[in-house]
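Trainee: What follows is a predicted protein model with its sequence.
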Amino acid sequence: MPAPKSALASIALIALALAAPPLVHAAEKPARKATAAQHAAAKKKPKAKAVAPAAPLYGEREDLRRFAAEVAERRGLDADWVAVQLAQARRLDSVQRLVMPPPAGTAKDWAAYRARFVEPRRIAAGLAFWQDHEDALARAQARWGVPPEIVVGIIGVETFYGRITGRFRIVDALATLAFDFPTGRSDRSPFFRRELEEFLVWAEREGRDPQAVRGSFAGAIGLPQFMPSNLNRLAVDFDGDGHVDLGGNGVDAVGSVAHFLSAHGWQPGMATTHAVAPPVDTAARARLLAPDIEPSFTAAEFAAAGAELDAAGRAHASPMALVELQNGAAAPSYVAGTANFRVLTRYNASSYYAMAVIALGDAVAQARAATRAAAAADPAASSASAPR
Ligand SMILES: [Ca+2]
């Protein structure tokens, strides 16, 4: 049961991400949630190919040829190179299926979603990632004010610290969504055409073979699953080797995630959530829930509506959102989301996503504190590499 449930949750997340404005890259949702389904699809593909014909090549299709010429002209790329790259793209049925919204009536389940990310193996991997990138995480915090546990939470939820970065060829995924976006949901092909253009610009600049780059079905790339536009706009060369490499370089990934959040308004020192008991009165509760994740009410307004914030929430100086997380058939959970909570949803337009990032980051931070405390209590038992 857990598997189908989380797959549905994933798909729901994708749908939310795709509904988000273009500046919000589609990664988070699609990337993360996509991964399980994506993996299954990617694994099945080769077997299916033995008997089924290969996915159709875009080849000489007129709309792609026109697009190639426009991109080359607009971005100063070699027209033949662009045309050759796009002609080799393939339309993937699996990408068209994965981009569709979940079936109507699919119940959201925060408890099940959380359990998928906050589990021992992912926490252990997060602990190792934190120790391996301690300096980069500290530098990112000093520069952009984003705490390590938030960066560690994002990279863990996105790709399990690089274990699941997506197996789709980016050129196939983006061409499919740019030129054969499935009917039956709002058309986002203009967004994906822009991303395909940005992808070609990035590959050319970095000297990468566009045919060899892989990622999520939605076109997200690397440890932090950046969409190509964000790769060009917000990714940083944080280890100073002259390249932005989010595929294999954890240091660049750390800096890029922190820079992304900072660029979207992250406020150093502000909590992401405060504990809250929602108003018992259903009309008052509905009023607080109406703006969804947009921080809209002061602590005084929460109180006036009958919501009970914890002490830190009562002292919070800027507006907050009452965030409801459904738990399937069980009672929903609630938190008060701050402006920084809203910033996390810029990465992936879902409150469930933001909560998973926070919960995983907290779990890894606790594991790290416990490890350090144990090492401090018994230095002889710990190895020379134990964190200090
Ligand atoms: Ca670098």
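Mentor: The structure has been received and is ready for your questions.

Trainee: Please make it C-alpha for all contacts and neighbour counts, starting now.
Mentor: Fine.

Trainee: Show me which residues of the protein sit near the ion.
Mentor: D237, D239, D241, H243, V244 (CA under 5 Å from the ion).

Trainee: At which residues are the strands of the stretch 51-200 of the chain located?
Mentor: In the stretch 51-200 of the chain, strands defined by DSSP state E, counting those that start in this stretch lie at 168-169, listed in chain order.

Trainee: show me where it has helices.
Mentor: 62-75, 79-87, 93-98, 110-117, 120-132, 134-144, 148-159, 170-179, 189-206 (DSSP state H, counting those that start in this stretch).

Trainee: which of the ones you listed is buried the deepest?
Mentor: helix 148-159 (a mean of 27; mean count of other CA atoms under 10 Å).

Trainee: which residues are contacting that helix?
Mentor: Residues outside helix 148-159 that contact it (CA atoms under 8 Å, 6 or more residues apart in numbering): 28, 31-32, 35, 117, 122, 126, 129-130, 137-138, 140-141, 161-162, 165, 223-225, 254, 257-258, 356-362, 364-365.

Trainee: Likewise for stretch 231-243?
Mentor: 136, 198, 202, 206, 244-245, 251-257, 259-260, 263.

Trainee: How about stretch 301-317?
Mentor: Contacts of stretch 301-317 (CA under 8 Å, 6+ apart): 274-281, 284-285, 288, 298-300, 336.

Trainee: List the buried residues of that stretch.
Mentor: F302, A305, G306, A307, E308, L309, G313, R314, H316 (16 or more other CA atoms under 10 Å).

Trainee: circling back to that earlier point, of all the helices of the stretch 51-200 of the chain, which one is nearest A321?
Mentor: Nearest of the helices of the stretch 51-200 of the chain to A321, taken as CA to CA: helix 110-117 at 17.5 Å.

Trainee: Also compute the angle for the longest helix seen in the chain relative to helix 148-159, please.
Mentor: Longest helix of the chain, by residue count under DSSP state H: helix 351-377. Orientation of helix 351-377 against helix 148-159 (axes from the mean of the first three to the mean of the last three CA atoms, to 10 degrees) gives an angle of 120 degrees.

Trainee: counting contacts, what elements does helix 351-377 pack onto?
Mentor: helix 110-117, helix 120-132, helix 148-159, strand 321-327, helix 339-347 (3 or more CA pairs under 8 Å, 6 or more residues apart in numbering; DSSP states H and E).

Trainee: mean confidence score for that helix?
Mentor: Averaged across helix 351-377, the pLDDT comes to 96.

Trainee: Repeat that for stretch 81-96.
Mentor: pLDDT averaged over stretch 81-96 gives 97.

Trainee: can you list the domain ranges for this structure.
Mentor: As given by automatic domain parsing, the domain ranges for the chain are 2-55+90-263, 273-337.

Trainee: which parts of the longest helix of the chain are buried?
Mentor: Within helix 351-377, the residues scored as buried using 16+ other CA under 10 Å are 351-365, 367-368, 371-372, 375.
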